[in-house]
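In: Prediction below, plus the sequence it came from.
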Amino acid sequence: MMESSAPASRAAITALTMLSKDTEDTRATLVREGGLRLLIGPVRGGDYETQALAAEALAMLSHHKQFHGDLYQSGCIPTILQLASSHDERVKTSAAKALSHLGTDENIYKMLKQNRQFTKILSIVRSSGPVDSFSAYISLLIK
């Protein structure tokens, strides 16, 4: 089996990122057809550009509560946690945005709570208002 090159992986991630920004039906199709696994596959060993694109797509999808269960079940949460610790600001920004949305989901909250690095931020996310979620997002960025 031939390994895919970085440009090919980046092109695929770019396409998936564009789909994540499209209509609700397009996003649902992306998730239903296995797009989440495709998003997180190249991220673990990918370059910062590929990671930034994938993190952006994951952040976009995490903004929609109907995908929280899919993100959880497909194993995206550990990848997003990894991305949130990136040295690249674009990657970290998108991952922080995703975590600020995902932290409002009870099952994902429990999973994130096990990661001590995010305990303080989760307490902010769990409060009621959008301003508080934004504060959590900013807190992740300044880490």
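Out: Cool, the structure landed. What you are looking at is a predicted structure, and each value in this text was computed from that prediction instead of being measured.
In: Skipping adjacent residues, who's closest to the spatially most central residue of the chain in space?
Out: For the chain, the residue nearest the mean C-alpha position is L58 (3.5 Å; CA atoms, centre = their mean). For L58, ignoring the flanking residues on the chain, the nearest one in space by CB to CB, 6 or more residues apart in numbering is A98 at 4.9 Å. C-beta here means a position set from N, CA and C on the backbone, and glycine is covered the same way.
In: if I pick the one you found, what's in contact with it?
Out: For A98, the contact set (CB atoms under 8 Å, 6 or more residues apart in numbering) comprises A55, L58, A59, L61, S62, I80, L83.
In: Max pairwise distance over those residues: which two?
Out: Taking every pair in the contacts of A98 and measuring CB to CB, the maximum separation is 13.5 Å, between L61 and L83.
In: Mind jotting down where the helices sit in this structure?
Out: Listed in chain order, the helices of the chain (DSSP state H) span residues 6-20, 24-32, 35-40, 48-62, 68-73, 76-84, 89-102, 106-113, 119-125, 130-141.
In: Let me see the confidence value for the residue nearest to L58.
Out: pLDDT, the model's per-residue confidence, is 91 for A98.
In: now do M18
Out: Per-residue pLDDT puts M18 at 96.
In: So, low pLDDT: which residues of this protein?
Out: Along the chain, the parts satisfying pLDDT under 70 run over 1-5, 116-143.
In: Recalculate using a threshold of 80.
Out: Within the chain, the stretches with pLDDT under 80 are 1-8, 42-46, 107, 109-143.
In: Wait, the residue nearest to the centre of the chain touches L38, no?
Out: No. With contacts counted by CB atoms under 8 Å, L58 stays clear of L38, the gap being 11.7 Å.
In: overlap in contacts of these two?
Out: The contact sets of L58 and L38 do not overlap (CB under 8 Å, 6+ apart).
In: circling back: nearest to V43 among the contacts of A98?
Out: Lowest distance from V43 to the contacts of A98 (CB to CB) belongs to L83, with 6.8 Å.
In: got a list of what the closest one touches?
Out: Contact analysis of L83 by CB under 8 Å, 6+ apart lists V43, Q51, A54, A55, L58, V91, K92, S94, A95, A98.
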